[in-house]
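Visitor: what would the 3D arrangement of this be:
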Amino acid sequence: MSIQSNKVNNRHRPQINPAAFDENPDTEEPRHFTFRAVGLGLLIGTLMCFSNMYFGLQTGWISMMSLQSSLLGFAIFKPFQPMLRYKFGPIENVVLQTTAVATATMPLAAGFVGVIPAMELMTESDNSSGAVVLNGRQLILWSLGVAFFGVFFAVPLRKQTIIREKLKFPSGTATAQMIGLLHQQPDPTIRKTVLRRRYHNTDQAAQPLLDTHTSGYQTSSTAVSLPSSDNFEYSWTIKLRGLLVSFLASSVYTVSSYFVPGLNALPVFNWITFNLIDFKSWMWYFTPSFSYIGQGIIMGLPTTLSMLLGCVVGWGILSPIAFYAGWASGPVDDWKTGSKGWILWISLGVMIADSCVSLLVVLVRSFVKLFRPSVEEIRLDDQSTQDENGEEFIEVEDDVEVDAPKSQQVSTRVAVGGLILSTISCVYLVRAVFGPEVLPKSMTLVAVIVAMFLSILGVRALGETDLNPVTGISKISQVLFAGIMPGSILANLIAGGIAEAGAQQAGDLMQDLKTGHLLGASPKAQFYGQMIGSFASVFIATGAYLLYRTVYNIPGPEFPVPTAQVWLDMSRLVNGHQLPPHVSEFVFGFAILFTVFVLAKELYPQMTWTKFIPQGIAFAIGMYNPPAFTLARVIGGLISHFWNQYCDAKHKHEHSYTGLKAWLEPYRSVGGKVFIVVVASGFVLGEGTFAIVNMIMRAYNVPHF
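Guide: Predicted structure coming up:
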C-alpha cells in the first residue's frame, strides 16, 4: 500500500520518489503510514458501527460517518503532532476515514437493521417453519458472504464515473473539503480556467494555448489564502470546544433518559391542548434527543421538511382516517391491525415510485450521453472570445482529471479475481446458512449478478444526486425474484439483502474514492482500508446486533425496527399476499403523485417551484417513523438553515453586539459553517456512544424510575 505526499494538486499529481522519505522525513508521509491510519480507522469505525446499529434499529437511518470519522481522526492525532516523527496529514486522513466508513456501515450492508430482523418477524403463513433466527455463527457467515463483492465491483466503476465522467459525489467532495480545511490545505475542488485557442479542427481545439508550466498560465480562481498558524489553532480550539460540549450534552441526555424514561416521550401536544385531545395515543409526542437534532443538522432543512410533510400526512391525516373508517381498527401502534401498519404500505409505495423512477432517469441519461455532444464542444461553441488580433479564444475549466499512477491503482487482476472469489464465497456461504432448499446456488448467483447490474445505476445516482437508492434497488430485486421464485418470502428477503449489500458497499467506496481522488490519495490504499474495515466489521456488527437482541426486545418499544417491517411487507406484496382494506387506492395514488414529482424535478430543474417539491424517500421515512423521530430532526434542519443564513449575512460592527449575538459571534466568525457540522457530529456520537452504557445498565437491571 502506498500513499502520496501532502503536496498534492488534483490536476497534476506528483510522482513520489521513495528516497525522499529518508531525505525529509518530517514533511513527507511514508508508505507504511497506512497501517497507523487503518488502526485508528478501525477503532473509530467500531464506535460508529455501534452508533449506526443503535439508530438503524430505532429509525432505519444509517450514516456513512465520513465527515465525523475524518474529524475524529484529526482530533485524536492533533495533540500528538509535535511528538510524531511523521505528521498526520490529509492523505492519511483519507485512508483513516475510508476504513472507518467501511466498518461503520456494515449494519446496513449486512441487513442487521432490515433483512435480518425481517426474517425474525416472519410467521408460519410467510414461511412453513415460521421465524428464522440466525445464531452468531450464521450471522458471521452471512455477513462474510455479502461483505466484499460490492467492493470489488466498485473498482472498475471508479475510472468511468470519477475520472472520465467526473461525477460530483457530493458527500465525498464535502469530506475532501473538510479534510483539506482541517489540514490547512487549499480547497481541492477549486478549478483553474485557462485560455485555449479556438480551432475549427476539433482535433486541435483541445490543445492548450499556454503550457501549464509557463509563467503565462492564467487562472480565473482567486488565490487561496490559508489561515496563519495562530488563527488556525484558535479556530480549531473553537471547533474542538463545540465538539466536546455537544458530545457531553448528548451523553448526559442519553444517560438521563435511562433513569427517567419519560424524557423520551414528552406529551407536549397534550400539554398544549390541556389534555382535551390525547395526542400521545396517536403517537404524537416529543423526544428531545440531541442525536436526532444532530441528524437533522446533517440532513439539512429541505430533507427534514419533506420528512415533516410525510409525518403530518401519514400520522396526522391518514392514520385517523384509517382508524375511524374501520380500515385499521386496532391499536394505533400495532403493525398488523393498527394504522401504523396501514400507512406503512403507503410509504412503501412512495419509496418504490421515487427510487425506481429516479433509477430510470439515471439509466436514460446514461444512454443520452452516448449520443450527446461533449461538454468540451459545447464550451467551444458558446464561450469564444476574440483578442485584439482577431484570433478567437475560449475560457474553459482545466478539469481534465489525471488519474493516480498505475502503481497506486488496484490492478485488473486483483479486481476480477476478487470479484470471482467473493461471488463464489457468497453463493456457498448463503447455502451454508440457509440450506440448499431455500435458495439454490444458481439463484444466489443470479442475485449477485442482479446486484451488480443495479449497483451501476445506484453508483451513478449517488454520483449525481448524493442519494444511494439502496431501498429502491433492493425492492427491484425483490420484484424480480418474486417472478423467478414465486411464493418464497424467505428467498425473496435473501435476494433483496444481497442486492442491498452490493449497492451499499459499492456506493460507500465510490464516495471515499472521490474524496481520495480530490486529495491525491492512493486508490489501492483506500481499497485495502475498505477491505480491512469490512472484514473487521463482520464480527463487530454481528457482536453489536447480538448484544442489542439479547438485552432488548427487537422489535420492541425502544427499537421498533421499522425497515424490517418494510422488507417483510414488500415480500408479502410481491408474493401475492392481500393488502389491508382500502390501502391499495392510496398506495397507487401516492405512487403516481411522486412519479410526477420526480419527473417534474428532472424535467424542470431550473424552475423555482421545483424546490418546493418534497423528496420522496424523506417523505416516506417521515411516514413510517413515528412523529417523535421526525420532530427533533426538523429542529436540527431549522438550526442548520438559520446558522448558514447567519454565516452568509453581512456583519458590521461586530464589537457592538450584545446578548446572544455577542456570544455566537466568535463561533460564526472563526468556526463558520463547518462549526455547526462539528456540533452535529458531537450530538450524534454522544448518544451513539452512551447508548452502549445504557445497554449495559439495562443488562444488569440497574434500577430506574
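
Visitor: and the helices in the stretch 201-350 of the chain, which stretches?
Guide: 202-205, 229-259, 268-272, 290-299, 301-311, 319-324, 339-370 (DSSP state H, counting those that start in this stretch).

Visitor: now do the fifth one: distance to the chain's middle.
Guide: The gap between where helix 301-311 is centred and where its chain is centred comes out at 18 Å by Cα atoms, centre = their mean, to the nearest Å.

Visitor: what's the average pLDDT for it?
Guide: Mean pLDDT, helix 301-311: 94.

Visitor: how about low-confidence regions in the stretch 301-450 of the chain?
Guide: 369-401 (pLDDT under 70).

Visitor: how about 90 then?
Guide: 329, 333-337, 348, 351-412, 435-443, 450 (pLDDT under 90).

Visitor: thinking again about what came up before, from the helices of the stretch 201-350 of the chain, which stretch is densest packed?
Guide: Of the helices of the stretch 201-350 of the chain, the one with the most neighbours on average (mean count of other Cβ atoms under 10 Å) is helix 290-299, at a mean of 26. The C-beta positions use only the backbone N, C-alpha and C, and glycine is treated the same way.

Visitor: pull the CA atoms of that one into CSV?
Guide: What follows is helix 290-299, C-alpha atoms only, in CSV (Å, rounded to 0.1, in the frame of the first residue of the first chain):
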residue,chain,number,x,y,z
PHE,A,290,-29.7,15.7,20.8
SER,A,291,-28.8,13.0,18.3
TYR,A,292,-31.9,13.5,16.2
ILE,A,293,-31.3,17.2,16.3
GLY,A,294,-27.7,16.5,15.1
GLN,A,295,-29.1,14.2,12.3
GLY,A,296,-31.4,17.0,11.2
ILE,A,297,-28.5,19.4,11.0
ILE,A,298,-26.6,17.0,8.8
MET,A,299,-29.6,16.2,6.6
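
Visitor: quick one, what contacts Ile116?
Guide: Going by Cβ atoms under 8 Å, 6 or more residues apart in numbering, Ile116 touches Ala110, Leu134, Leu139, Trp142, Tyr545, Ala564.

Visitor: wait, which of the helices of the stretch 201-350 of the chain is closest to Phe148?
Guide: Judged by Cβ to Cβ, the one of the helices of the stretch 201-350 of the chain that comes nearest to Phe148 is helix 339-370, at 23.8 Å.

Visitor: orientation of that closest one relative to helix 301-311 in degrees?
Guide: Orientation check (axes from the mean of the first three to the mean of the last three Cα atoms, to 10 degrees): helix 339-370 against helix 301-311 gives 140 degrees.

Visitor: ok so, going back, now tabulate the helices of the stretch 201-350 of the chain in a markdown table and tack on distance to Leu96.
Guide: Shown next, in a markdown table, are the helices of the stretch 201-350 of the chain (distance: least, Cβ to Cβ, whole Å):
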| stretch | distance to Leu96 |
| --- | --- |
| helix 202-205 | 42 |
| helix 229-259 | 17 |
| helix 268-272 | 41 |
| helix 290-299 | 20 |
| helix 301-311 | 27 |
| helix 319-324 | 45 |
| helix 339-370 | 31 |
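
Visitor: nearest to Gly114, of the ones you listed?
Guide: In terms of Cβ to Cβ, the element of the helices of the stretch 201-350 of the chain nearest to Gly114 is helix 339-370, at 12.5 Å.
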